[in-house]
Structures are given as C-alpha cells and as structure tokens.
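[1] Turn this into a structure:
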Amino acid sequence: MLFGVPFAVVALGAAFAVLVITFVSTGYVKAPPDVALIISGLHERPRVLIGRAGFKVPFFERVDRLCLKQISVDIKTDQYIPTNDFINVKVDAVAKVRVTDDPDGMLLAERNFLNMNEQQIATSLQDSLQGNMREIIGTLDLRSINTDRDSFSDQVLAKASRDMEKLGIEILSCNIQNVTDEHGLITDLGMDNTSKIKKDAAIAKAQAEKEVSIAQAQAEREADDQRV
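    Sure, this is the predicted structure:
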C-alpha cells in the first residue's frame with residue numbers, strides 16, 4: 001500500500017493518466033490558414049479544419065491534407081498551334097489557381113488533390129488548361145491574339161473555368177506572357193505598325209509646319225494693311 005492506497009489502484013490511475021495523455025497527444029491536430037485538414041472515418045461527411053485546432057479519434061479517424069495556397073500553372077504550348085487564319089503560333093501563359101472555398105467544390109478538390117503539394121497540383125492541371133488555350137487559339141486570328149491579349153486571356157479564363165469547377169478549382173487570373181509565330185509575322189506586324197506611326201508623325205509634323213507658315217503669312221499681311 002502507498003499512503004493507505006492499494007498499489008493496484010495507484011497503478012490503474014497511472015495507466016489511465018497515460019492513456020489520457022496519449023489520446024490527447026495523438027488526437028490533437030492544428031491546421032494552418034493555407035492548408036485544410038480533412039478528418040474522416042467516423043462520419044459520413046469529413047470534418048474540415050482550416051486555421052484552427054481540433055481532435056481526431058486515434059485509430060478510428062485519419063487526417064489528410066489539402067493545399068489551399070495560390071498556385072501558378074504554366075500553360076505554355078509546346079508545339080505550334082494554327083490560328084483562325086492558319087498561322088502557327090506558340091503562346092506562353094500563366095494561370096493563378098486555388099482550391100475553391102465552396103463546400104461542395106472543396107469536396108471535389110478533396111477527391112482529386114488530397115495530399116498533393118503545389119507542384120503536383122499544377123502538373124495535374126496543365127493538360128486541361130493547355131487544351132483550353134489551344135481551343136481558343138483556333139478561333140482567333142494572329143492580329144487579335146497579339147494586339148488584344150486581355151481579350152484573349154479572358155476567353156481562355158472563361159473556357160477553362162467550366163472545366164476547373166468540376167475539379168473544385170477556381171481560376172483567379174490568366175496572363176499571356178508571350179506570343180511567337182513560326183515565320184516571324186509578328187515581327188513584321190510590329191515593323192509595319194512602326195512605319196505607320198512614323199508616317200503619321202511625319203504627316204502631322206508637316207501639317208503643323210504648314211499651319212504655322214499660313215499663320216505667319218496672315219499676320220504679316222495684317223501688319224502691312226495696318227501700316228498702309
């Protein structure tokens with residue numbers, strides 16, 4: 001006996017304390033703001049922790065991770081793609097995506113990207129986004145793609161968003177970085193625009209000089225009339 005308490009009772013109490021400590025230490029989980037911890041096993045719908053702490057039941061529940069960070073996806077075309085006017089181009093673009101915060105959308109993301117890191121998620125989305133961009137390239141001509149890139153990127157974003165929603169992904173932005181063609185026509189278009197700008201500037205300068213000369217002649221005539 002220990003201070004009048006049987007050793008069996010003391011041992012039982014110590015074992016219970018160890019059990020409680022083990023339960024707390026193995027069951028306590030804490031999720032950072034950019035990661036969702038998915039606790040599943042005992043309920044029909046998993047519990048989701050984002051930026052807070054919680055408990056899982058050891059041996060009966062498991063914890064998985066879902067990345068919520070903003071992810072950059074390179075959607076550059078590796079081969080030349082024909083435009084609507086049959087000019088082959090390569091396009092380099094970057095999309096910013098993340099897992100949607102909608103509960104149903106997040107459930108879709110859990111099925112597709114659970115326990116994946118940022119690079120793995122980006123790689124799994126590349127093929128779909130590149131396919132969307134190739135489709136839009138085929139509907140536009142070279143001049144539209146090169147001169148109105150905002151409209152081009154908006155069309156790619158709208159097209160891709162429908163496919164990404166099925167995966168639980170939200171597209172935040174799509175930016176066209178570079179456009180090149182197989183035969184250097186974009187360079188020729190740039191030279192043509194430069195020549196046109198120079199021509200317009202020369203015409204404007206000549207017109208301004210003409211107006212100045214006319215004004216000076218008119219002023220001299222008026223001065224002569226006053227002297228007479």
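[2] Now the phi/psi pair for the residue sitting nearest the centre point of the chain, please.
    With distances taken as C-alpha atoms, centre = their mean, the chain has residue 96 as the residue nearest its mean C-alpha position (0.9 Å). Comment: the main-chain dihedrals of residue 96 come out as phi -100, psi 120, following degrees, to the nearest 10.
[3] Name whatever forms a beta bridge with it.
    On the basis of DSSP bridges, residue 96 is bridged to residue 72, residue 173.
[4] Surely it and residue 72 touch.
    Yes. The criterion here is C-beta atoms under 8 Å, and residue 96 meets it with residue 72 at 6.0 Å. For glycine as for every other residue, the C-beta is placed from the backbone atoms N, C-alpha and C.
[5] list residues touching both of the two?
    Overlap of the contact sets of residue 96 and residue 72 (by C-beta atoms under 8 Å, 6 or more residues apart in numbering) is empty.
[6] Count the neighbours of residue 78 for me.
    Neighbourhood size, residue 78 [other C-beta atoms under 10 Å]: 7.
[7] SS state for it?
    In three-state terms, and counting by DSSP: H, G, I helix; E, B strand; the rest coil, residue 78 is coil.
[8] residue contacts, residue 94?
    Under the criterion of C-beta under 8 Å, 6+ apart, the neighbours of residue 94 are 72-75, 174-175, 177.
[9] Over to residue 65?
    With contacts taken as C-beta under 8 Å, 6+ apart, residue 65 has the following neighbours: 35-38, 114-115.
[10] Describe which strands the helix or strand harbouring it pairs with in its sheet and in which direction.
    In this structure, residue 65 is located in strand 62-67 according to DSSP states H and E. Listed by DSSP bridges, the sheet partners of strand 62-67 and their directions read strand 35-40 (antiparallel).
[11] Contacts only, for the residue nearest to residue 161 when sequence neighbours are not counted.
    What sits nearest to residue 161 in space, not counting adjacent residues and going by C-beta to C-beta, 6 or more residues apart in numbering, is residue 171, at 5.3 Å. Contact criterion C-beta under 8 Å, 6+ apart gives 95-97, 157, 160-161, 164 as the residues in contact with residue 171.
[12] and residue 171, what element?
    strand 169-181.
[13] Before I go, just wanted to say thanks for your time.
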